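Student: give the three-dimensional model of this entry:
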Amino acid sequence: MLKTQNYQNHVRYYPLFHYVLVPLLAINLIYQALRLYQEPNWDRGMFVLLSSLFIFMMIVARLHALRVQDRLIRLEEKLRHREIIPGGTNGDIELSQVIALRFASDEELPGLVQKIVSGELKTGKEIKQAIKNWRADHHRV
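Tutor: This is a model prediction of the structure:
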């Protein structure tokens, strides 16, 4: 059973990525840099470069997945706003605000959108903290 989500526990960690891949690649880069310092040569330099490239590739892959997720959230929320809010939001809110609003219940959504449009809520953090009825999102990247 999935646990109830709220502002304090909504951040998602992917264990294989965050607790295995990231530490192993960081350890490898540190090890290769140390070996280059101890024994400077082109081969050791190439290993440091490759280790850096692996980390860069991992970061880029993660950012691409998050970007696709953000686009899907935007589409889902645009459809949801059309159903719940008379006239929709007409693009009055930023993507980061739309992404934060995905956690709001259907009942709270119109009020929160009104607060965003009026300038009361600006950041995703402010929006998430204003949500009373949390709508869980367990399918994130």
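Student: now do the same end-to-end measure for stretch 13-24.
Tutor: End-to-end distance for stretch 13-24: 16 Å, by Cα to Cα, to the nearest Å.
Student: quick check: A33 touching V48?
Tutor: Yes. If you go by Cβ atoms under 8 Å, A33 and V48 touch, sitting 5.4 Å apart. To be clear about C-beta, it is placed using only N, CA and C from the backbone, and glycine gets the same treatment.
Student: between these two, who's got more neighbours?
Tutor: Set A33 next to V48 and count neighbours by other Cβ atoms under 10 Å: V48 wins out with 19 against 16.
Student: got the domain ranges for this protein?
Tutor: 12-73, 85-136 (automatic domain parsing).
Student: which one of the ones you listed has the most crowded surroundings?
Tutor: For the domains of the chain, the largest average neighbour count (mean count of other Cβ atoms under 10 Å) is found in domain 85-136, namely a mean of 16.
Student: any weak-confidence spans in the protein?
Tutor: Within the chain, the ranges that satisfy pLDDT under 70 run 1-2, 89-91.
Student: which helix of it spans the most residues?
Tutor: Selection of the longest helix in the chain by residue count, based on DSSP state H, yields helix 42-84.
Student: counting contacts, what elements does it pack onto?
Tutor: Contacting helix 42-84 under the criterion 3 or more Cβ pairs under 8 Å, 6 or more residues apart in numbering; DSSP states H and E are the following elements: helix 22-38, helix 95-101, helix 109-118.
Student: closest to R74 out of those helices?
Tutor: Closest of the helices and strands packed on helix 42-84 to R74 is helix 95-101, at 5.7 Å (criterion: Cβ to Cβ).
Student: and the residue nearest the centre of the protein?
Tutor: By Cα atoms, centre = their mean, the chain has its centre lying nearest to L66, at 5.7 Å.
Student: give me the nearest residue to it, chain neighbours excluded.
Tutor: With sequence-adjacent residues excluded and distances taken as Cβ to Cβ, 6 or more residues apart in numbering, L66 is closest to V141, at 5.9 Å.
Student: any idea which of the helices and strands packed on helix 42-84 gets closest to K3?
Tutor: Using Cβ to Cβ, these put helix 95-101 closest to K3, at 20.4 Å.
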